[in-house]
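>>> I'd like to go over a predicted model; first the sequence, then the structure.
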Amino acid sequence: MAPVGERHIPRMGNVSRNAVAAVLVSMLFGACSTQGETVSNVNTPQTPSVERSIGFDGDIVRLGIIANLTGPDATLDRARLTGVSAYWSDVNMAGGLRGRYAVELVIIDHHGDPQIAAAAIPELLEQVVALAFVNETAMGAVHPFLVADQVLGVAPTSTLDWESDARFLTHSPPMEAIVLALFENAPAARWCVVTDGSPLGVSVEAAAFEAARVAGVQRVTLMDVSEDLTAAVTAAACEQVLVEAVGGLQEKVLASLPADRTVYRRAALTAPLESRNDIELSYIDSGPAWNVDASTGMRTFLAALLRHAPDTEPDTRVREGYVSQLRLHALLEQAVSLGDLRRSNLFSLRQSHQIIDMLGLAEDTDMSTDQQVFPRSATVWAENDDQVDADGRGWSLEKLLRPEKFLALASELSN
């Protein structure tokens, strides 16, 4: 099994590293110059011995990944996995969990087929402590095994179902909250909601009409990506269009929409340089601007990319994979400090009262048995043609959205 960050994770395209390197060189040298002050600390508590368990052989902690790396629309997961790999490579460079145990990724490629995911998961669960990444296509297939074995899995995105399930660790706002936030921001507009049959597309479609009622939106038209979108959007006279569709279908939708519309898409589903001049493109994200000063976490993240994936573009998809690991890392550190990496202990810690510091890359998370505070906010970015105040992606902050009536929507949807 190869260590984290080697042959398992495909690299992104061959893009110059200068943009990232320029903002990081001084920071990295500064960090090196102060390292000697903290190397020796006699008061540092000793990590207790950890008993061997599934996924831990006494030296290495193994984490599972089940994703689409070679099937249709595999670009998304390959980009995310670049972030995941960079994260754990940095952990290992610092000595591993609690400075003692290395982390290794065991990766399954299900080629975009949930049946392959279901067939592969039993063998994978014999080798790992937890699943560091379960992509959306595999969520339904994997969930019964997580329940049976009390295994935690990291979900890169969120819906109400995944957010409220104790087996999944999420960090982004639920898709239903994003729909409501957009509707509340423009209740007088006519909305078209374009979806596919993906798990997230189904969640958006199921929430749209109820979210419109809660937000006071007068007109919402649902459309499938297979329709003639030029004709359908024109007939519906929508000024605002929300698109939730995977990979190549995003390109189809973007090419077929009529001009003079505002189009909202999740930033993690878009290629960094995708554009169209006759419509206004806005991108939904839950993270800060793409530059080294945007947050404490952005400095750490960009430094990790410089070390482990230097050819990576300013790509939200990579950051989504990176930030998704923060909650799992915090749990694993806590488990090691207690000397118990068993899955049952991790599952118990998942519900403990602990604030997880998301380093400014997402909102801090209260991992508590009490009802969580919903929803986390979403950020909307717009393309910036004149590049004034634009970040590394060429986007500028448009608005920060936090739906006011989310609990009412969640209650309606749960019924």
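Done, it's in.

>>> from here on, just use CA atoms for contacts and neighbour counts.
Will do.

>>> walk me through the domains of this protein.
Following automatic domain parsing, the chain resolves into domains at 18-26+50-172+290-367, 175-285+377-414.

>>> list the buried residues for the host helix or strand of residue 251?
Using DSSP states H and E, residue 251 sits within helix 247-256. Within helix 247-256, the residues scored as buried using 16 or more other Cα atoms under 10 Å are 247, 249, 250, 253, 254.

>>> tell me the first helix or strand C-terminal of it.
Next along the chain from helix 247-256, counting by DSSP H and E, comes strand 262-266.

>>> that next one vs helix 247-256, what angle?
Relative orientation of strand 262-266 and helix 247-256, computed by axes from the mean of the first three to the mean of the last three Cα atoms, to 10 degrees: 170 degrees.

>>> for strand 262-266, name the packing helices and strands.
Judged by 3 or more Cα pairs under 8 Å, 6 or more residues apart in numbering; DSSP states H and E, strand 262-266 is in contact with strand 240-244, strand 280-285.

>>> so which of these comes closest to residue 379?
Residue 379 sits nearest to strand 280-285 of all the helices and strands packed on strand 262-266, at 5.1 Å, using Cα to Cα.

>>> what mean pLDDT does that closest one get?
For strand 280-285, the mean pLDDT works out to 91.

>>> surely residue 98 and residue 337 touch.
Yes. Between residue 98 and residue 337 there is a contact under Cα atoms under 8 Å: 7.3 Å.

>>> immediately after the lowest-mean-pLDDT helix or strand in the chain, which helix or strand?
Ranked by mean pLDDT, DSSP states H and E, the weakest helix or strand in the chain is helix 18-34, scoring a mean of 36. With elements assigned by DSSP H and E, the helix or strand that comes after helix 18-34 is strand 60-67.

>>> got the confidence number for residue 225?
Taking residue 225 on its own, its pLDDT is 92.

>>> give the contact list for it.
Residues near residue 225 by Cα atoms under 8 Å, 6 or more residues apart in numbering: 194, 195, 196, 245, 249, 253.

>>> residue 235: which of the residues you listed is nearest?
The closest of the contacts of residue 225, once distances to residue 235 are taken by Cα to Cα, is residue 194, at 14.2 Å.

>>> help me confirm that the closest one comes into contact with residue 243.
Yes. With contact defined as Cα under 8 Å, residue 194 counts as touching residue 243 (4.8 Å).

>>> and the strands in the protein, which stretches?
60-67, 102-109, 130-134, 153-154, 168-169, 190-195, 219-224, 240-244, 262-266, 280-285, 354-356, 365-367, 378-383, 395-401 (DSSP state E).

>>> show me what contacts residue 107?
8, 64, 65, 66, 67.

>>> lowest-confidence one in those residues?
Minimum confidence in those sits at residue 8, scoring 39.

>>> burial measure for residue 277, as a count.
If you count neighbours by other Cα atoms under 10 Å, residue 277 ends up with 10.

>>> residue 131 versus residue 120, what's the distance?
Separation of residue 120 from residue 131 (Cα to Cα, to the nearest Å) stands at 13 Å.

>>> next: residue 66.
Counting by Cα to Cα, the gap from residue 66 to residue 131 is 8 Å.

>>> of the contacts of residue 107, which is the most crowded?
residue 67 (29 neighbours).

>>> any idea what it is bridged to?
residue 109 (DSSP bridges).

>>> spit out the contact partners of it.
77, 107, 108, 109, 110, 111, 112, 133, 134, 135, 138.

>>> and those as TSV, adding distance to residue 277 and pLDDT?
What follows is these, written out as TSV (distance: Cα to Cα, whole Å; pLDDT from 0 to 100):
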residue	distance to residue 277	pLDDT
77	28	95
107	40	98
108	39	97
109	37	98
110	37	97
111	34	96
112	32	93
133	35	98
134	35	97
135	32	95
138	36	96
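
>>> ranking by neighbours, what's the top pick from those residues?
In those, the most neighbours by other Cα under 10 Å go to residue 133, 28 neighbours.

>>> hang on, isn't that one packed against residue 64?
Yes. At 7.0 Å, residue 133 counts as touching residue 64 under the criterion of Cα under 8 Å.

>>> about what we covered before: deepest in the core, which of the helices and strands packed on strand 262-266 is it.
Sort the helices and strands packed on strand 262-266 by mean neighbour count, taking mean count of other Cα atoms under 10 Å, and strand 240-244 sits at the top with a mean of 23.

>>> okay, how far is it across stretch 232-244, tip to tip?
16 Å.

>>> what's next to it, contact-wise?
189-196, 200-201, 204, 221, 223, 250, 253, 257-258, 260-266.

>>> got a ChimeraX select line for the buried ones in those?
Per 16+ other Cα under 10 Å, the buried members of the contacts of stretch 232-244 correspond to this ChimeraX selection:
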select :189,190,191,192,193,194,195,196,200,201,204,221,223,250,253,257,258,261,262,263,264,265,266
